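> With the sequence up front, the predicted model follows.
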Amino acid sequence: HLRFAPMGQGQCCLGRQAISNDIAALTGHVAAATASSSSTALCEELQRDFPKEWAMVSSGCNSQLQERSLQSRLRLLGLAQASEAHPRGALDFYLAYLRGDAGGLEVRTSLIPEAGQGLFTTRRFVEGELLCVYSGTTIPLGQVLNGGVDSKDYLMGGFGLHSIDAADHPEVLARYINDHMDNANHNVKFVKLKR
């Protein structure tokens with residue numbers, strides 16, 4: 001199963017076991033690197049690509065990651081529990097959350113008959129790994145219940161007084177995960193995180 005987390009409104013996707021069907025392991029190899037060089041590269045990416053977020057989790061001079069600040073930020077976002085289960089650590093989880101996906105995913109024709117497009121992996125994911133974030137337009141629950149939504153194809157509910165609609169957001173990879181009716185065929189877990 002995949003796991004999703006709210007990107008201000010959505011949910012996140014975490015890897016389960018061997019991935020098959022629409023989340024099929026196609027190819028991929030993750031190069032081994034030392035923990036320190038990996039951590040340095042992640043810090044550099046966070047600082048470069050997400051400067052506001054870096055300022056919230058780094059030291060006063062913005063030169064060093066502060067683990068306590070990162071943990072506090074994850075708690076505020078409702079992501080602490082999911083980040084603790086992430087096999088590559090909290091910083092890797094936070095970056096995947098901010099990017100919207102962990103990389104290693106592609107959209108192709110689904111293997112499920114008449115399902116349209118599906119989301120496939122191009123590398124191996126391990127259980128607990130954040131794959132992607134379901135985000136989109138926030139739709140009030142009343143609007144959904146009163147039929148004020150053109151289509152429910154990409155509508156994700158269960159967020160209290162609102163739902164998330166990814167219909168107008170083709171860049172959101174999570175919208176391409178096909179939810180098979182038979183639980184035995186699930187290879188992804190949708191986890192709605194609370195904020």
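Nice, thanks for sending it over.
> In the protein, where is pLDDT below threshold?
Within the chain, the set of residues satisfying pLDDT under 70 comprises 1-37, 62, 179-181, 185-187, 193-195.
> What's the biggest helix in it, counting residues?
helix 35-49 (DSSP state H).
> who does that one touch, helix- and strand-wise?
Counting by 3 or more CB pairs under 8 Å, 6 or more residues apart in numbering; DSSP states H and E, the packing neighbours recorded for helix 35-49 are helix 51-57, helix 90-99. Just so you know, the C-beta spots here come from the backbone N, C-alpha and C atoms, and that holds for glycine as well.
> Using CSV, write out the CA atom coordinates for stretch 141-159.
As requested, C-alpha coordinates have been extracted for stretch 141-159 and formatted as CSV (Å, rounded to 0.1, in the frame of the first residue of the first chain):
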residue,chain,number,x,y,z
LEU,A,141,-18.1,19.2,2.4
GLY,A,142,-21.4,21.0,1.9
GLN,A,143,-20.6,21.6,-1.7
VAL,A,144,-19.8,18.0,-2.3
LEU,A,145,-23.0,16.8,-0.5
ASN,A,146,-25.1,19.3,-2.5
GLY,A,147,-23.8,18.0,-5.8
GLY,A,148,-21.7,21.1,-6.4
VAL,A,149,-18.8,19.1,-7.9
ASP,A,150,-18.7,18.3,-11.6
SER,A,151,-16.9,15.0,-11.1
LYS,A,152,-15.9,12.9,-8.1
ASP,A,153,-13.2,10.9,-10.1
TYR,A,154,-10.3,12.7,-8.3
LEU,A,155,-12.1,13.7,-5.1
MET,A,156,-10.7,12.4,-1.8
GLY,A,157,-12.9,12.8,1.3
GLY,A,158,-12.5,12.2,4.9
PHE,A,159,-10.8,15.4,6.0
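> which of the residues in that stretch are buried?
By neighbour count with 16 or more other CB atoms under 10 Å, stretch 141-159 contains the buried residues 144, 149, 154, 155, 156, 159.
> would you list those in a markdown table and tack on distance to residue 61 and secondary structure?
Putting these into a markdown table (distance: CB to CB, whole Å; DSSP: H, G, I helix; E, B strand; the rest coil) gives the following:
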| residue | distance to residue 61 | secondary structure |
| --- | --- | --- |
| 144 | 47 | helix |
| 149 | 48 | coil |
| 154 | 43 | coil |
| 155 | 45 | strand |
| 156 | 40 | strand |
| 159 | 38 | coil |
